[in-house]
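Colleague: Below are the sequence and a predicted model; questions follow.
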Amino acid sequence: QLDAHANNVSGETLWGNGKATQETLHKVKEAGFTSVRIPVTWLGKVGAAPDYLINSEWLERVAEVVGYAEQAGLKAIINIHHDGHRSENEPGHWLDITKAATSTAANEAIKAQLSA
């Protein structure tokens, strides 16, 4: 569950759940599933303009969990989760959904990092 967040920072165990392991994904496969949705929050993990660098440790962890799914024979579906939410209490979300279509530089920089 890579979508847990608190105090404008995302973290895998912030809501009391354990970290995903290879065993976890094998059990999902053994239960008969063929795909798994991996919700990811990038809150507090994307740097400022102009580079919009994603925290490398977070990006590596997301890739690791996707690798667990692939090793288990599952298709992995990553969805951004919570990042379009904005409020006065949590202003740090990188995705301002009302401006996403015009945020070409941010979109392209983030897309390039995620597809690498």
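Modeller: Happy to help now that I have it.

Colleague: any idea what sits nearest I110, other than its immediate chain neighbours?
Modeller: Nearest residue to I110, sequence neighbours excluded (Cβ to Cβ, 6 or more residues apart in numbering): Y52, at 5.6 Å. C-betas here are computed from N, CA, C, even on glycine.

Colleague: I'd say the one you found and S103 touch.
Modeller: No: using Cβ atoms under 8 Å, Y52 makes no contact with S103, being 9.5 Å away.

Colleague: which strands and helices sit next to the host helix or strand of L114?
Modeller: For L114, the host element (DSSP states H and E) is helix 104-115. On a contact count with 3 or more Cβ pairs under 8 Å, 6 or more residues apart in numbering; DSSP states H and E, helix 104-115 meets no helix or strand.

Colleague: Neighbour count for Y52 and S103, which is higher?
Modeller: Here Y52 and S103 are compared on neighbour count by other Cβ atoms under 10 Å; more neighbours surround Y52, at 19 against 16.

Colleague: Could you list the low-pLDDT ranges of this structure?
Modeller: Along the chain, segments meeting pLDDT under 70 span 1-10, 81-102.

Colleague: Quick one: distance of the longest helix seen in the chain to the chain centre.
Modeller: Identified as the longest helix of the chain according to DSSP state H is helix 56-71. Taking Cα atoms, centre = their mean, to the nearest Å, one finds helix 56-71 lying 10 Å from the centre of the chain it belongs to.
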